[in-house]
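Student: whatever this is, show me its structure:
(2 chains)
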Amino acid sequence: MALFIVIAEDDHLQDGPLQELLREQFPTARIEVVLTERDFRDRLAGYRRDPPSIVVMDVMMRWASPRQGDPPPPSDVLAGGYRRAGIRCVNLMRRTPALRDVPVVYYTILERSDLERDADAFPDNVFLVRKSSDRQPLTRKIRELTGTGRRGAVRRRRPAK
Amino acid sequence: MEVRTARMWSSAAGPREGSCAPLRRLLHEILAQDPLLGPQAFLRTVAQAVGATGALLWKEAADRPAAAASIVALWSGDATAGPASLAADWFTVEALLSRTPTIPSPDGANPTNDRGVPVMAALPVSYPDGLRGALTLLGDAQLAPDAAGAVLDLLDVLPDLSEILRERQSLGLVLACNDALNAADVEASGEPLGADRLGDHLAKVCAAVARALGCRDVSVLLRDPAATADTYELLASSARDAPVWPSVRAGVGPIGRAIAEGRPAVDALPEQLTATQRGEPARRGADTLMVVPLRSGQQVWGAIACSGPPCGFTGSDLALVAPIAPQVAQYWGDWLHRRTIFAENESWRALAAGVTDINRLLFKEMRHAVMDDCRVYNAALRMIRRVLPDSEGCDVRRFEDTPSGGRLLRLVCGAGAAAHRPRRAPQGPAPPLATEVLQSQSQRWTTDPAEVRAEGAGGKARWLVCSPIRVDEEPYGVLNVYGGSSVLPPNSRQVCTIVADQLGLYQRLKQARQELEDMIQAQAAAMEDLQHQLVSPLLVAVNRTDKMLDGKGLSGRVDSDVRSVRAVRGLCRQASRVAMSAQIFAALSTGRAPSARPELLSVDEVIRVVIAGADDAQLLGDARRGVRFEVDRDSIRMLGRRRIRADLSFLGQCLGNLLDNAAKYSYEGTRVVVWGMVDRGELTMAVTSTGLSMTADEVRHCLDRAWRGAAAASVTGEGSGLGLWIVDNLMRSMGGAVRIQCEEDRTTVLLTFPLVT
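Tutor: Sure, this is the predicted structure:
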């Protein structure tokens, strides 16, 4: 089965290069980019039917791009603010049985200690890779979590001892 | 009444010869007696010497008939031998008026007085003040000649002797009272005696009075102002086995009446009335009562009640007790005062210790992530109960604003009587006293039970102190303390003020901590944002540069490749601008204003900065959103040859921040226009965009630090609220200004510079 990578990244300067990098590293992978928290929520139903292999999640993410006549955001978004948007998205996945075990990589400039202020930010299948000019850590983590080889083929995992 | 014949006997008769020896013996015996026993003992000695069973010494009143002569002293070996009334009998009056002895004939039985008691003799007495008197000897026996001679000789010195004995008795009683009270003082060297121990000492005074009067019981009843009931309670009694007096109310019963009137009552109570009928307690043999009020100045503290002498009380008895009444009253007043002072001192000590405890608790609470108000309130209320033992209960009520603009008072914590109230106490409009406190921001107190009830105080409270808990000038709530005593405890108001201030201080500290936490959080958030804004363009710039160096990022077409390089330059400029924002933010956070390096800028230089900013915004903007950045060059060229004085980097920073905002908050497919205007000696450069708008109120606050418009905060969420604040500071440092105009979804931010002429 082809690798399905979802990138949640609101920075238009970064989503293009990131997408480009992952296409290069995982040529056979299906890659989808969502630009806002609202877009991610809107896509959740689709992901339930077609779960991603992995989600690369920005943490500080805008709710939506301004559009005339848009309704206000839901109360949890208003209360939590954009700095924890990625954590909210992961929590929504955790509450969805089909998405509960999908690996997630927070790809952010924030430190682990910043995120650990939210007690449930790091369940077992959620990891952190800090954004830097070196993209290797991200691709390495994706390979590790998805069990894919250099060209994106899914490798057979060894049974746990 | 049957009157038997009496034989008149001249004072010049023989029996008086050779009577010096018995008289000396008599006098010696009299003077050797206990001074407290006084004339009564003297009468007893005389009576026993002549074989009489009783003796009465009379003295006429200056303005009253002889029959109304009063008893100076009396002694009776038999209680039934006392007078039926305090009026003299016929024999006595005869002896008094005629100034000759009236002695019954030895050959017949002695005549009886109006009570049926036999009279041995009635002997005239002349007092030094010229008034007449008589000595009446009672009994069946005949007066023997020798004895009669000695008694008759004694009559010459009897008035003076009686007076001396009375004075000696009075002095003895005062000394006994002094001794007892001094002993109490010695015992109370450290702190005031307890009421029980004081009662023990006063019992010695009672015993001395009882001995002097020869009566059965002497009791002291006193009122304690700190007690809840306005009654006079028995504190000491001479008779240990006598039943105690019940509580006495002023004006009720003979004791209460004497207290209310402040005058002594020296009366033999009507014999036909039993004690119970009189409303007095049933007391063994208490058929006569003398009450001497304990007065000190205008204050009547209680009374000395004497009851049950064998032969009733006389005016002399009152005169005897009268000097010690002020002594006892004064001592009681002093004791109350000492007790109050001691209690106050203890109270202040407890308050100081309590405040220290509360401060320690506050220190501990401040280290908790969530401060527990009730823990602090409860500690304060417990401390009040320790400091003011008279307080029955206390509570903290908090003012809360209602959506309709009203103010409610909610009970949040209670102790003592208030602790038993329902946990979810109802809230309601502030009661009258609390309303006054709310309005005046000063303490109010009352001892009116109706007012106390109106405040919702529990128990049987009779006083209440309502103190404001203030945070600066804003009352946060009230502290109510109440108790059951009839008067306000002396230092209760000061204690309440101190505790309420302490609670106010706690609120202030809590508020200050919250403000500090908010500020730290805001700073942390701002730093996160700045980091985010800084890292993002740098990462992208590095990435694009890497690609160019790899040869992948260059197409070979000049225009496309130049565009790529310009984009990288824009990213670097953006990063530089963010870094500069961080620097300015750090400087402003520590109170340092940005320092501009102004230079004269021509129209071309201004246009170049504006175009560079707009170019970067376009290149770095999200092309998918279709927001276009345009510069109206002609409007800026209106500057002509004139120039402005500005810091070029600050100008670029300001324009960059405005264009960043426009990029973030503009609707898709809209235009952002940078334009200029020259008017009234000023150059105005403006950025107009169409997107998320601000209300008029938001416009007034949008230059504040860390302020964000509601729409911006909720829709995009991003941004630190520092951009416009930094622009404002930079513009002011250059002598310019920033203004914002909003019209529906069009927002224009104007930067104004004075022209240099």
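Student: centre of the chain to stretch B:112-132, how far?
Tutor: 64 Å (CA atoms, centre = their mean, to the nearest Å).
Student: got the end-to-end distance for it?
Tutor: Start and end residues of stretch B:112-132 are separated by 23 Å (CA to CA, to the nearest Å).
Student: ok, which stretches of chain A are strands?
Tutor: Ranges of strands within chain A are A:4-8, A:30-34, A:54-57, A:104-108, A:126-130, based on DSSP state E.
Student: what helices or strands is whichever helix or strand residue B:532 is part of leaning on?
Tutor: Assigned by DSSP states H and E, residue B:532 falls within helix B:492-550. Here helix B:492-550 touches helix A:12-25, helix B:324-366, helix B:373-387, strand B:463-471, strand B:474-483, helix B:558-589, going by 3 or more CB pairs under 8 Å, 6 or more residues apart in numbering or on different chains; DSSP states H and E. Heads up, the C-betas are built off the backbone N, CA and C, glycines and all.
Student: which one of these lies closest to residue A:86?
Tutor: Of all the helices and strands packed on helix B:492-550, helix A:12-25 sits nearest to residue A:86, with 13.7 Å by CB to CB.
Student: and for whichever residue of the stretch 251-400 of chain B sits closest to chain A, the neighbour number?
Tutor: The minimum distance from the stretch 251-400 of chain B to chain A, using CB to the nearest CB, falls at residue B:369 (11.6 Å). Neighbour count for residue B:369, taken as other CB atoms under 10 Å in any protein chain shown: 5.
Student: which stretch among the strands of chain A comes nearest chain B?
Tutor: Smallest distance to chain B across the strands of chain A (CB to the nearest CB): 8.8 Å, for strand A:104-108.
Student: now do the closest one against helix B:492-550, angle only.
Tutor: Relative orientation of strand A:104-108 versus helix B:492-550 (axes from the mean of the first three to the mean of the last three CA atoms, to 10 degrees): 90 degrees.
Student: strand A:104-108 close to chain B?
Tutor: No - remark: strand A:104-108 sits outside contact range of chain B, by CB under 8 Å from any CB of the partner chain, the gap being at least 8.8 Å.
Student: run through the neighbouring helices and strands of that strand.
Tutor: Packing partners of strand A:104-108 (3+ CB pairs under 8 Å, 6+ apart): strand A:54-57, helix A:85-94, strand A:126-130, helix A:136-146.
Student: mind checking which of the ones you listed is nearest chain B?
Tutor: helix A:85-94 (7.0 Å).
Student: now that closest one: average pLDDT?
Tutor: The pLDDT scores in helix A:85-94 average 94.
Student: also stretch B:720-727?
Tutor: Averaged over stretch B:720-727, pLDDT sits at 88.
Student: ok, now stretch B:453-471?
Tutor: Stretch B:453-471 carries an average pLDDT of 84.
Student: how about stretch B:153-168 as CSV, C-alpha atoms only?
Tutor: Output of stretch B:153-168 as CSV, limited to C-alpha atoms (Å, rounded to 0.1, in the frame of the first residue of the first chain):
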residue,chain,number,x,y,z
ASP,B,153,-22.4,55.0,135.8
LEU,B,154,-21.8,53.7,132.4
LEU,B,155,-24.6,55.9,131.1
ASP,B,156,-22.3,59.0,131.4
VAL,B,157,-19.8,57.6,129.0
LEU,B,158,-22.1,55.4,127.0
PRO,B,159,-22.7,57.9,124.1
ASP,B,160,-19.1,58.6,123.6
LEU,B,161,-18.2,55.0,124.1
SER,B,162,-20.8,53.9,121.6
GLU,B,163,-19.5,56.4,119.1
ILE,B,164,-15.9,55.3,119.6
LEU,B,165,-16.9,51.6,119.2
ARG,B,166,-18.9,52.4,116.1
GLU,B,167,-16.0,54.3,114.6
ARG,B,168,-13.6,51.5,115.6
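Student: noted, bye for now.
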